[in-house]
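Novice: heads up, no residue letters with this:
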């Protein structure tokens, strides 16, 4: 009988290590398909196209004759994406591609380390249903899963509860909230914005949108709809094909003159460091924005206090020596510091345990109440429900405020 | 035509062009490359020419500026300590640029010949020893990793206000930070894969298996026409060159 193991517990309780230990357990299947938290550990990294990624994992006739005919998991049209590089998919789409590859493979086991948290509700339900031992699909594989949004018990799954074994990276939500400072954010207006990737489909067509300061907006939409693309346009990483942005009443072209309004926390925290240590990172940001804002937002003592409240005991630790969940928490530092009027957070609660998610939601709510503009992307409804917000729905090349 | 055949034809053409053939030899090489383009690649050959122009034109302009504009004589004239002319410098730059254009265009044509294959399928179709195929596949994936790292570093540095997307003085001043960030990103991406994903799955062994699937033929089909013609042309060019030098 295939095993289903749900490893739960708070961050830093050794869940990932327990998952790896389980995979080495003789009772668990010998070879495991692994889907890590981000693309670097979800996809193989050995292929240059999506078709090749599928090809790499597709079962050979001689692979595992004992368990043929596994049901194929295909919530996205992989064939339509065939020539694209795997890295060009959104985070959620990469997880879906990884699960699709597993479903075509003959791996007798599957391990997922928090990756399902990147999926939109429909895809997440489809994935969990696919893994459900009671679904009658006859997956024929052992599955080990870490997921912060699935409280045990889960029917059909064996729970392995972990308890925190360190307080080294503890986040103190009350101190985080206390460290936030007031600021009046100017409104952002998007006018007639059109964008499409080169040789790709159009993502946005003639989008008009007004974002008021002192308000939190949740950007919602299915995996691959263009949520992160919109954030990249606002920050100036991408330039629109047509249309304009206004910051307050003035034209704002971050793609030409640089970002000067938005503090971005990326979905994968490792996409946002501009230095090897937190001190380097903050020093570069302070140097880049010093001409725009002054005073308290840049005071080192305040940043140190906020970093400590987010779990950083020292600013000189190499960022990549910290656990992923700790890096994710530190990725919130810059938006919460309030040096720039708008905080934009892409899946901020990813990989975080329930207590930390509650604390972060309180901090974002407070930041908004203090006058900052906040735009966040999340598939975590419980987290979003804790923040008074308006919903911006992405779909059919439009971004519209939902009623 | 097999990938082995196309790459061999391409290699011979490039090797002959680098051997500095005379005008007749160069004409034969261009004729062969054009025939290959028309017969084997078709309309997509224009893409090869466009890409070659994109690579070579800036270099040709720079060389013209240096040799014709500033120096005013060709390198061989300087080496021989004779009076140089701008015309000779222009001919020198034209020859060098023409040769470079030819090399880039031939490489593009060979790859475009197999544009219907994915990178993995192309490597798989090559009749080469398994370690060489593995090395090729990993090299291709490293290019992808570097592109991913560049994307990551761009996001980080533009969002943090260090760089701008458009050309700017800020970019010139902080370009070394981009290099540093790309390098750090590439290393951490690779470590991320090698620490968890690859050992758990035995991903490298899967790559070997994936490259080993299907039949790969050394030479077959149209190779039997192209290779003799190219080799014969090569011999003729070399012999004519030898005779001319005597």
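Specialist: That came in fine, so what should we check first? Note that this is a predicted model, so its numbers are computed, not measured.

Novice: what about residue A:18, which helix or strand?
Specialist: helix A:15-24 (DSSP states H and E).

Novice: what's the spacing between the residue nearest to residue B:24 when sequence neighbours are not counted and chain A?
Specialist: When the adjacent residues along the chain are set aside, residue B:24 lies closest to residue B:240, with 6.6 Å between them (C-beta to C-beta, 6 or more residues apart in numbering or on different chains). To be clear about C-beta, it is placed using only N, CA and C from the backbone, and glycine gets the same treatment. Distance from residue B:240 to chain A, counting by C-beta to the nearest C-beta, to the nearest Å: 42 Å.

Novice: Need the residue closest to the centroid of chain A.
Specialist: Against the mean C-alpha coordinate of chain A, by C-alpha atoms, centre = their mean, the closest residue is residue A:267 at 3.4 Å.

Novice: what number of residues lie near residue 112?
Specialist: Using chain A here. Residue A:112 is flanked by 25 other residues according to other C-beta atoms under 10 Å in any protein chain shown.

Novice: My question was about chain B, not that one.
Specialist: Other residues close to residue B:112 by other C-beta under 10 Å number 21.

Novice: that older thread, the helix holding residue A:18: which residues count as buried?
Specialist: Applying a neighbour-count criterion of 16 or more other C-beta atoms under 10 Å in any protein chain shown, one finds A:15, A:16, A:18, A:19, A:20, A:22, A:23 buried in helix A:15-24.

Novice: next one: stretch A:169-183
Specialist: Buried, per 16+ other C-beta under 10 Å, within stretch A:169-183: A:169, A:170, A:171, A:173, A:176, A:177, A:179, A:180, A:181, A:183.

Novice: restrict these to those near chain B?
Specialist: With the criterion set as C-beta under 8 Å from any C-beta of the partner chain, no member of the buried residues of stretch A:169-183 is near chain B.

Novice: before we move on, back to that, of the buried residues of helix A:15-24, which are in range of chain B?
Specialist: Restricting the buried residues of helix A:15-24 to contacts with chain B (C-beta under 8 Å from any C-beta) yields A:20, A:23.

Novice: where along the stretch 151-300 of chain A do the helices fall?
Specialist: A:173-178, A:227-235, A:254-257, A:278-289, A:300-309 (DSSP state H, counting those that start in this stretch).

Novice: what's the span of stretch A:378-398, first residue to last?
Specialist: 18 Å (C-alpha to C-alpha, to the nearest Å).

Novice: Okay, residue A:379 and residue A:91: tell me how far apart.
Specialist: 10 Å (C-beta to C-beta, to the nearest Å).

Novice: list the residues that contact both of those two?
Specialist: Jointly contacting residue A:379 and residue A:91 under the rule C-beta atoms under 8 Å, 6 or more residues apart in numbering or on different chains are A:118, A:347.

Novice: Report how many residues lie close to the residue nearest to residue A:119 when sequence neighbours are not counted.
Specialist: Among residues not flanking residue A:119 along the chain, residue A:92 sits closest, at 5.1 Å (C-beta to C-beta, 6+ apart). A count of nearby residues for residue A:92, using other C-beta under 10 Å, gives 27.

Novice: ok, now residue B:163?
Specialist: Neighbour tally, residue B:163, other C-beta under 10 Å: 28.

Novice: Need the pLDDT of the closest residue to it other than its chain neighbours.
Specialist: Excluding its sequence neighbours, the residue lying closest to residue B:163 (C-beta to C-beta, 6+ apart) is residue B:157, at 4.3 Å. At residue B:157, the pLDDT value in this model is 95.

Novice: Which elements pack onto the helix or strand harbouring residue B:157?
Specialist: Using DSSP H and E, residue B:157 sits within helix B:130-159. Here helix B:130-159 touches helix A:227-235, helix B:119-125, helix B:169-192, helix B:203-212, going by 3 or more C-beta pairs under 8 Å, 6 or more residues apart in numbering or on different chains; DSSP states H and E.
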